[in-house]
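Peer 1: Got a sequence here, can you model it:
(one chain, ligands or ions: 2)
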Amino acid sequence: MDELIDSTNYQLRVMKYEKPKTKDSTHALAAHCDTNTMTLLYQNEVNGLQIQSKDGEWINMKPSPNSFIVLIGESLSVWLNGRLPSPSHRVMMKGNEDRYSLGLFTRPRGGYVIKVPNELVDDNNPILFKPHDHEEFLKFYYSEIAQAAVKPGGYISRLKAYCSV
Ligand SMILES: O=C(O)CCC(=O)C(=O)O
Ligand SMILES: [Fe+2]
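Peer 2: Ligands and ions are numbered 1, 2, ... in the order given. Below is the predicted model of the structure:
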């Protein structure tokens, strides 16, 4: 537990999504998976977050006023050798109210090596990801090579491209 606390950075961010200018629903945040370990989201009463199910369907999130949404990030998914998937999500806006959300993003600190635990690797579950430092990954994330690999409109996991075995 101490190791987890010592190896984690936290970022708290407030996000504002302006009401759409037309009656149609609009993409306010494009589909993506978070690259960090875990994201906790809290929102005002305006819905808009959608999570993609395994079969590709977009599900509207309607959290009750006192609840948080917890999203597994790709970094945790990789850490767990893919045992828990990181869901693709997006924000669609409709109606005539602005949306505010509060996100607490946890991510591994630079210098900490993320390594799949031995307990999660066996003959049926071969190791899928190489040990890596998240900060080194972020340098790759913004590099020209990674940017060039990302095609407009399609989501590609740069983390998996970076550390797959
Ligand atoms: O505003 C939201 O509900 C989602 C924000 C989000 O997915 C992100 O910032 O990565
Ligand atoms: Fe996100």
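Peer 1: Check whether stretch 57-74 comes near ligand 1.
Peer 2: No: Stretch 57-74 is not in contact with ligand 1 by Cβ under 6 Å from any ligand atom; minimum separation 7.2 Å. For every residue, glycine as well, the C-beta is placed using N, CA and C.
Peer 1: so where do the strands sit in this protein?
Peer 2: Listed in chain order, the strands found in the chain under DSSP state E are 8-17, 26-32, 38-43, 49-52, 58-60, 69-72, 89-93, 99-108, 113-114, 132-133.
Peer 1: Dump these into a markdown table; add mean pLDDT as well.
Peer 2: Written out in a markdown table, the entries for these read as follows (pLDDT from 0 to 100):
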| stretch | mean pLDDT |
| --- | --- |
| strand 8-17 | 97 |
| strand 26-32 | 92 |
| strand 38-43 | 98 |
| strand 49-52 | 97 |
| strand 58-60 | 97 |
| strand 69-72 | 98 |
| strand 89-93 | 96 |
| strand 99-108 | 97 |
| strand 113-114 | 94 |
| strand 132-133 | 95 |
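Peer 1: Any chance of TSV for those, columns mean neighbour count?
Peer 2: Supplementary listing: those in TSV, determined by neighbours: other Cβ atoms under 10 Å:
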stretch	mean neighbour count
strand 8-17	12
strand 26-32	14
strand 38-43	18
strand 49-52	18
strand 58-60	12
strand 69-72	16
strand 89-93	19
strand 99-108	18
strand 113-114	16
strand 132-133	17
